[in-house]
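Participant: model this:
(2 chains)
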Amino acid sequence: MKRHRTARVVSTAMLAAALTALAFTGAASAKLVGEFTKFQHCPYNTAEVNRCMHSLNTGGEVILGTKKTPIVNPVTIQGGYSKPVKRISKFFGATNGVTLSKAAQPVPGGLLGIVPPEKSPWLVKALSKFFFENSLTGVNSVLELAKSASDIVISEPNLSEGIGIALEMPVKVRLENPFLGKNCYVGSSSSPIVWKLTTGTTSPPGPNTPISGETGEISFLEGGRILQLNGTVLVDNSWSAPTASGCGGILSFLVNPIINSQIGLASAAGKNTASLKNTVTVATVAAVKANDAENP
Amino acid sequence: MNRKATRMLLRGALAALVISAVFAGSAGAAPVWKFQGSALTGSETVVGGAEDSAMTVPGLTTDCENFLYDLLISNSAGTGQGEVGEVPLFDCGTNTEVCTVDAIEAEELPWSSKLTTVSAKPYIVIEGIRVSVLYGGEECALSEVLVPVTGSAGGSIDNTTESATFSSTTLSATGTKLKALGQSITWNGVFPTEAFEWHREQALTAS
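Facilitator: From the prediction side, this is the model:
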C-alpha cells in the first residue's frame, strides 16, 4: 500500500516536472519570424534593455604576439543593451548564455608552431612525440569572454559614426589541442585581454601604426524596424596580452614558457591586432516584442 | 651672349604671360549671379522652398513638406558667392510606418556657397551643411537616435526655371558628399529661387 502511494507520488512529481519543462520550453522558444529570428536570444524582457543586437563576425584576423590567426569560422556576439548615457550603453548577455559563441579558428603552424620539439626540454619532447607521431598537431584558438557579459560596453553612436570605442570586451584566448589540455589560455578573468574596438582609426603605441575600421553599409529591414550594418570592420591594435597559463596540464610549468617564448608573450600594447569583419543587426525591444506578439 | 640671355628671358616672360592669361581666362569663366542678364552688384537675398526634396539611406527615406531657405548672394572676385542663412524645416517624416521625425534642425548656419562650372554648366556648391534629425517611433530602429547629416552638396542650376537641382549625379559632378550614420547618403531636391529684396520679379541666372 505504502509502495503504491510512493509510486503515485513519484509519477505525479515526474509528470509535473515534465509539464514544467514543457512550459519552460514553450516560453523559451521565441515566436520571432523573418529577420527578427536573429534576436531570439536577446534579453528583451529585461526592463533595462532598450535594444537587441546580433553581430556575426565572418572574417578578419587576430594577431597575438607573433601569431596571426585568420577568422575562418563565424563568431556571434549577441545580447541587448540599455539606452545610452553619454553615448555609452550597458550590455546584457544572451538568454541562452552564448553571448560570444565559441568558434574554433585553426592556428597556422599548429602545435609545431607553438611547442617546437627542438626548443622543448626532453620531458616535453618525449610526451609531445606521441601527438606529433599521431598527427594530433592541429591547434585551434577559441575566443571566450573573460568576464561576465555585463562587462561588455557598447556605443551605438560610435559604431555607426566611426569615432571612439564602439565595443569594449574582456576576452581570453583558449588554445585547443589534446597535448595542451583543457585549460590552456592566454588571458583570464583576473588578467583579461581587453579589446577596445572601433570602426574609426586607432592610435596605437609602436611598433603598430594606426589602422582604420569601417562603419559598413547601412540598410533598413522590416519596414525600418531593423537596422543592419554590412561589412562593419571593428579594429583595435593597442591591446596587450598576458602570458599563457594552464598549457600542457601537469607539465604547464614547462610548456607555458615554451609557448610564451614562441608567441612572444606577454605581448605589450602595440604588438597585437584584432580586426573583425561583421554584419551588425539592431532593433528596438519594442519592435522585437511586437514581432513576438504578432506571431503567437 | 648677353643678347641670347635677354632673348631667353623675354621668351620666358612671354610664356609666363600666356600661361597666366589662360588661367585668368578659366577663372573669368566661373559663373556670376545675374539679374535680367546683368551681373549683380552688392548683394541680394533670394528665398525659396524645396520641391520633392528627400534624403535616402537604403530602406529609409526622410522628407519634409516644408523645406524653406534663404540665401544671401553676391559676386566676388568674378565668382558668384552666397551664404545660406536660414533653413526652416517643418512637417518631416519617413516612408516607413514606424519611423517618425521628432525633431529636425539645420545647424552651424550660415553655410557658405559658391558658383562653379562643370562641363560648361553652372552649379552651386553649398559647404558646411549640418542638419540634425531626431527619429522617433518606439519600433523604429533609429528611435531616439540623433542623426547628424553633414558635408557639402552641389546642385545644377537651370537658368530657364531659375532653380537648382540636387541629386546623386550633381553631387558626384561637383565632387561633394553628404554623410549620415558614417556613410554617404542620397539627397534629391529641386529648389526654385526668387529675389526677395531689390530685384524682386527679375530673372535670376548664373552664367
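
Participant: CA atoms for contacts and neighbours, from now on please.
Facilitator: Fine.

Participant: Okay, now the unreliable bits of chain B?
Facilitator: Within chain B, the stretches falling below the threshold (pLDDT under 70) are B:1-29.

Participant: Spell out which parts of it neighbour chain A.
Facilitator: B:57-60, B:96-99, B:138-143, B:180-183 (C-alpha under 8 Å from any C-alpha of the partner chain).

Participant: Now, those residues that are in helices?
Facilitator: Using DSSP state H, no member of those falls in helices.

Participant: Filter the residues you listed down to just the ones in strands.
Facilitator: B:Val57, B:Leu60, B:Ala180, B:Gln183 (DSSP state E).

Participant: Closest one to A:Val280 out of the residues you listed, please.
Facilitator: Among these, B:Gln183 lies closest to A:Val280 (C-alpha to C-alpha), at 15.2 Å.

Participant: per-domain residue ranges of chain A.
Facilitator: Domain ranges of chain A: A:1-30, A:32-294, per automatic domain parsing.

Participant: From A:Leu197, how far out is A:Ser82?
Facilitator: Note on A:Ser82: its distance to A:Leu197, by C-alpha to C-alpha, to the nearest Å, is 19 Å.

Participant: quick one: which of those two has more around it?
Facilitator: Legend: neighbour count by other C-alpha atoms under 10 Å in any protein chain shown for A:Ser82 and A:Leu197, higher for A:Leu197 (27 against 19).

Participant: looking at it, that one is touching A:Ile163, isn't it?
Facilitator: No: checked against C-alpha atoms under 8 Å, the pair A:Leu197 and A:Ile163 is beyond contact range at 10.3 Å.

Participant: my hunch is that A:Ser158 is in a helix, does that hold up?
Facilitator: Wrong residue type there; residue A:158 is Asn, not Ser. Yes: the assignment for A:Asn158 by DSSP: H, G, I helix; E, B strand; the rest coil puts it in a helix.

Participant: ok, the nearest residue to it once chain neighbours are set aside - how many residues close by?
Facilitator: Leaving aside its chain neighbours, A:Asn158 sits nearest to A:Ala166 (5.1 Å; criterion: C-alpha to C-alpha, 6 or more residues apart in numbering or on different chains). Residues lying near A:Ala166 (other C-alpha under 10 Å) number 24.

Participant: So A:Pro205 sits against A:Ala268, correct?
Facilitator: No: at 9.3 Å, A:Pro205 does not count as touching A:Ala268 under the criterion of C-alpha under 8 Å.

Participant: list the residues that contact both of these two?
Facilitator: Counting by C-alpha atoms under 8 Å, 6 or more residues apart in numbering or on different chains, A:Pro205 and A:Ala268 have no contacts in common.

Participant: how deep is A:Leu64 tucked in, by neighbour count?
Facilitator: 22.

Participant: okay, now the closest residue to it other than its chain neighbours: neighbour count?
Facilitator: Distance criterion C-alpha to C-alpha, 6+ apart; nearest residue to A:Leu64, sequence neighbours excluded, is A:Asn272 at 5.1 Å. Residues lying near A:Asn272 (other C-alpha under 10 Å) number 23.

Participant: Please tell me I have it right and A:Asn272 contacts A:Trp239.
Facilitator: Yes: between A:Asn272 and A:Trp239 there is a contact under C-alpha under 8 Å: 6.3 Å.

Participant: picking up where we left off before, write the ChimeraX selection for whichever of the residues of chain B next to chain A are buried.
Facilitator: A single ChimeraX command selects the buried members of the residues of chain B next to chain A (16 or more other C-alpha atoms under 10 Å in any protein chain shown):
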select /B:57,59,60,96,98,99,138,139,140,141,142,143,180,181,182,183
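
Participant: Please, where are all the helices along chain A?
Facilitator: A:2-28, A:110-114, A:122-133, A:156-161, A:252-263, A:285-294.

Participant: The fourth one: how far from the chain's middle?
Facilitator: What it means is helix A:156-161. 20 Å (C-alpha atoms, centre = their mean, to the nearest Å).

Participant: do the same with the second one
Facilitator: For helix A:110-114, the separation from the chain centroid amounts to 23 Å (computed by C-alpha atoms, centre = their mean).

Participant: mind listing what's buried in that helix?
Facilitator: For helix A:110-114, the buried set under the neighbour-count rule, 16+ other C-alpha under 10 Å, comprises A:Gly110, A:Leu111, A:Gly113, A:Ile114.

Participant: Same check on the third one?
Facilitator: Buried residues in helix A:122-133, counting neighbours by 16+ other C-alpha under 10 Å, are found at A:Val124, A:Lys125, A:Ser128, A:Phe131, A:Phe132.

Participant: As TSV, the residues you listed with distance to chain B would be great.
Facilitator: Listed next are these as TSV, based on distance: C-alpha to the nearest C-alpha, whole Å:
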residue	distance to chain B
A:Val124	52
A:Lys125	53
A:Ser128	51
A:Phe131	50
A:Phe132	50
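
Participant: thinking again about what came up before, what is the most widely separated pair among the ones in strands among the residues of chain B next to chain A?
Facilitator: Pairwise across those, and taking C-alpha to C-alpha, the largest span is found between B:Leu60 and B:Gln183, at 13.8 Å.

Participant: And for the nearest residue to A:Val288 once chain neighbours are set aside, the neighbour number?
Facilitator: Excluding the flanking residues, the one nearest A:Val288 by C-alpha to C-alpha, 6+ apart is A:Phe36, at 6.6 Å. Other residues lying near A:Phe36 total 23 when counted by other C-alpha under 10 Å.

Participant: tell me the pLDDT at A:Phe36?
Facilitator: Among the per-residue scores, A:Phe36 shows a pLDDT of 97.

Participant: And for the one 10 residues further on?
Facilitator: We have a pLDDT of 97 for A:Thr46.

Participant: measure it to A:Val98 for me?
Facilitator: 17 Å.

Participant: more neighbours, those two?
Facilitator: A:Val98 (17 against 13).

Participant: For that one, list the residues it contacts.
Facilitator: For A:Val98, the contacting residues are A:Gln78, by C-alpha under 8 Å, 6+ apart.

Participant: ok, now how distant is it from A:Gln40?
Facilitator: Distance from A:Val98 to A:Gln40, by C-alpha to C-alpha: 12 Å.

Participant: how about the residue nearest to A:Leu64, what does it touch?
Facilitator: A:Val62, A:Ile63, A:Leu64, A:Gly65, A:Asn208, A:Asn237, A:Ser238, A:Trp239, A:Ser240, A:Ala241.

Participant: The helix or strand containing B:Ala153 pairs with which strands, and in what direction?
Facilitator: Taking DSSP states H and E as the criterion, B:Ala153 maps to strand B:146-158. Using DSSP bridges, strand B:146-158 pairs in its sheet with strand B:121-136 (antiparallel), strand B:163-166 (antiparallel), strand B:178-180 (antiparallel).

Participant: Using CSV, write out every CA atom in that strand.
Facilitator: What follows is strand B:146-158, C-alpha atoms only, in CSV (Å, rounded to 0.1, in the frame of the first residue of the first chain):
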residue,chain,number,x,y,z
LEU,B,146,20.0,61.9,-33.2
VAL,B,147,21.5,61.5,-36.7
PRO,B,148,23.7,64.4,-37.9
VAL,B,149,23.7,64.9,-41.7
THR,B,150,27.0,66.7,-42.7
GLY,B,151,29.0,67.6,-45.7
SER,B,152,28.7,69.6,-48.8
ALA,B,153,26.3,69.4,-51.8
GLY,B,154,26.5,70.6,-55.4
GLY,B,155,23.4,71.2,-57.4
SER,B,156,23.0,72.1,-61.1
ILE,B,157,21.4,75.5,-61.9
ASP,B,158,18.7,75.7,-64.5
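
Participant: picking up where we left off before, what would the contacts of A:Asn272 look like in JSON lines with pLDDT and distance to A:Ile218?
Facilitator: Below are the contacts of A:Asn272 laid out as JSON lines (pLDDT from 0 to 100; distance: C-alpha to C-alpha, whole Å):
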{"residue": "A:Val62", "pLDDT": "98", "distance to A:Ile218": "25"}
{"residue": "A:Ile63", "pLDDT": "98", "distance to A:Ile218": "28"}
{"residue": "A:Leu64", "pLDDT": "97", "distance to A:Ile218": "31"}
{"residue": "A:Gly65", "pLDDT": "95", "distance to A:Ile218": "34"}
{"residue": "A:Asn208", "pLDDT": "98", "distance to A:Ile218": "30"}
{"residue": "A:Asn237", "pLDDT": "98", "distance to A:Ile218": "25"}
{"residue": "A:Ser238", "pLDDT": "98", "distance to A:Ile218": "27"}
{"residue": "A:Trp239", "pLDDT": "98", "distance to A:Ile218": "28"}
{"residue": "A:Ser240", "pLDDT": "98", "distance to A:Ile218": "32"}
{"residue": "A:Ala241", "pLDDT": "98", "distance to A:Ile218": "33"}
